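Participant: Make a model of this:
(one chain, ligands or ions: 1)
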Amino acid sequence: MLRQARRLLAALPGTSLVRASSLYVTAPVGGPEQDDYLNQVVEVRTSLSPRELLPAINRIEAELGRERLVRWGPRSIDVDILWYDGSSIAEADLEVPHPRLEERRFVLEPLAELAPDLVLPSGRTAREALENVREQAVRRVAGGRGELPDKPIPSQSGGPKMDHSAMQAEIRRLAKEKGAVILAHNYQRPEVQDVADFVGDSLGLSRRAAATTANMTVFCGVHFMAETAAILAPDRPVILPDIEAGCPMADMVDVEGLEELKAEHPGAVVVSYVNTSAAVKAISDICCTSANAVNVIRSVPKDKEIIFTPNRNLGSWAAQKAGRWVIVWPGFCPTHGLIDVDDVEDAKAAHPNAKVVVHPECEPDVVALADAVESTSGMIRFCREDDAGEYLIGTELGMIHRLEKDVPGKKFYPLTQLTVCPNMKLITLEKVLKALLTGGPVVTVEEEIRVKALRAVQRMVEVGA
Ligand code: SF4
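Facilitator: Numbers count the residues shown, from 1 in each chain. You can find the predicted model right below:
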């Protein structure tokens, strides 16, 4: 939840996360009914005033499940403005610096870690104030990066590997018997990638789906990818082994909202990332993937406005590369959003000779620290052609397996072990086997929507990478 709160804070307009303290566990000073809680202090750079920040913070707390009526006692989350650039505000609903800033050890410990020489209202520094405050049980539980201890992810972190060969052999046998082609995205589990006919990014898989002559396509990815395959090849069934595998970013843009934005910008060309529903594609002019977003934006006549949906980071990055100005939809990928500047700095300190390669869906402050910004297919090309021997990879963890296979002899490390897309990981070998046995679940697209969406997808495939 703290990670979520940090991500939502950094997503506020004109705001970016500068640093985060370690995490601390604190025994509460309140009643015994309250459990120990986790806390952290972060430093943000923002163009919002304290008065503008307050409602934004209230919205973040509400989004994370806080009941506003609970002002004291157990709460799911509590986000406070502790200090704001030396400002002093004393109003009924807003006091800055926080009135209890120098009273609580659970605040001062992380604050003194982050900014020991910050001068507080009493004239003492944070470090001095910490020495004065009464005892309260505060324990640091995660160092430096302010992250919770990572859970190892067995097949991608050097842990024990399971033997999947028997099930993979059965899947291959069944695929041959049924005339099925198995497509897998680069973010799929390693054992699923290894059983597929083709592994690739959205653009590569779309091309394969369009060109296939197989009786059926088993698409190991998320829902919008299977829909795209169904748009391109309507005459053969497209099976998504788990129909619940969606994409939260694709869900951030809807037809109604996009129609409203189009009405505000009549004549604008709508470029939609392929990570959108078929219905959104149907009201878009052209689709793109991260591999060809720059070229797609360049292909739009210079006298036209451009609306880009749904990923704000990809849209802004591609627009800058293309030398164009675009109106970006404020969507984001929660998985790529988990990578922060501390991760890059920590990883670089651990692997000083490695180059940093990140996906353009990462936050701009992470992108700014990278040696290369690439789509997943671009990462393979870059790491193959580049002369370094080690790389720090900023994208979903499944990509590490793909890189290790495709670029042998080089070393790849994730920037953080946290970038696991839970939707991509819903697809398992068992579900692929079941999909082949049952011929379902099939993803379909209503014909009227399919025909409209096809135009936008075909334009994307024509522009190429
Ligand atoms: S990694 Fe991000 S964009 Fe890709 S499916 Fe998962 S949530 Fe969606």
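
Participant: Export only the CA atoms of stretch 383-398, formatted as PDB.
Facilitator: As requested, C-alpha coordinates have been extracted for stretch 383-398 and formatted as PDB (Å, rounded to 0.1, in the frame of the first residue of the first chain):
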ATOM      1  CA  CYS A 383      21.800  -5.800 -26.000                       C
ATOM      2  CA  ARG A 384      22.900  -8.100 -28.900                       C
ATOM      3  CA  GLU A 385      24.600  -5.200 -30.900                       C
ATOM      4  CA  ASP A 386      26.000  -3.300 -27.900                       C
ATOM      5  CA  ASP A 387      29.500  -4.100 -26.700                       C
ATOM      6  CA  ALA A 388      28.800  -4.200 -22.900                       C
ATOM      7  CA  GLY A 389      28.600  -7.500 -21.100                       C
ATOM      8  CA  GLU A 390      26.000  -6.700 -18.400                       C
ATOM      9  CA  TYR A 391      22.700  -5.000 -18.400                       C
ATOM     10  CA  LEU A 392      20.200  -3.800 -15.900                       C
ATOM     11  CA  ILE A 393      16.700  -4.300 -17.300                       C
ATOM     12  CA  GLY A 394      13.700  -2.100 -16.400                       C
ATOM     13  CA  THR A 395      10.600  -3.900 -17.500                       C
ATOM     14  CA  GLU A 396       8.500  -6.900 -16.600                       C
ATOM     15  CA  LEU A 397      10.600  -9.800 -15.200                       C
ATOM     16  CA  GLY A 398       9.700 -12.300 -18.000                       C
END
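
Participant: Next, the buried residues of that stretch.
Facilitator: Burial within stretch 383-398, assessed by neighbour count using 16 or more other Cβ atoms under 10 Å, is assigned to 383, 391, 392, 393, 394, 395, 396, 397, 398. Backbone N, C-alpha and C define where each C-beta goes, glycine included.

Participant: Now for the nearest residue to the first one once chain neighbours are set aside, how many residues are close by?
Facilitator: Taking Cβ to Cβ, 6 or more residues apart in numbering, and ignoring the residues beside it in sequence, residue 383 has residue 407 as its nearest neighbour in space, at 4.8 Å. Neighbouring residues of residue 407 were enumerated by other Cβ atoms under 10 Å; the total is 19.

Participant: SS state for the residue of the stretch 251-400 of the chain found nearest the ligand?
Facilitator: The minimum distance from the stretch 251-400 of the chain to the ligand, using Cβ to the nearest ligand atom, falls at residue 333 (3.4 Å). Under the three-state scheme (DSSP: H, G, I helix; E, B strand; the rest coil), residue 333 adopts coil.

Participant: Isn't it up against residue 311?
Facilitator: Yes. Distance between residue 333 and residue 311: 6.4 Å, which falls inside the contact criterion (Cβ atoms under 8 Å).

Participant: Which residues of the stretch 251-400 of the chain lie near the ligand?
Facilitator: Listed as neighbours of the ligand in the stretch 251-400 of the chain under the rule Cβ under 6 Å from any ligand atom: 275, 333, 334, 335, 396.

Participant: What distance do you get for residue 401 to the ligand?
Facilitator: With the distance defined as Cβ to the nearest ligand atom, to the nearest Å, residue 401 ends up 15 Å from the ligand.

Participant: circling back: wait, doesn't the residue nearest to residue 383 sit right on residue 379?
Facilitator: No. Look at residue 407 against residue 379 with Cβ under 8 Å: they stay out of range, at 9.1 Å.

Participant: Can you check which residues contact both of residue 333 and residue 311?
Facilitator: Between them, residue 333 and residue 311 have 249, 275, 361 as joint contacts when contacts are counted by Cβ atoms under 8 Å, 6 or more residues apart in numbering.

Participant: related to what we said a few turns ago, need phi/psi at the residue of the stretch 251-400 of the chain closest to the ligand.
Facilitator: The phi/psi pair for residue 333 (degrees, to the nearest 10) reads phi -90, psi 120.

Participant: so what's it up against?
Facilitator: With contact set as Cβ under 8 Å, 6+ apart, residue 333 has these partners: 248, 249, 275, 311, 313, 361.
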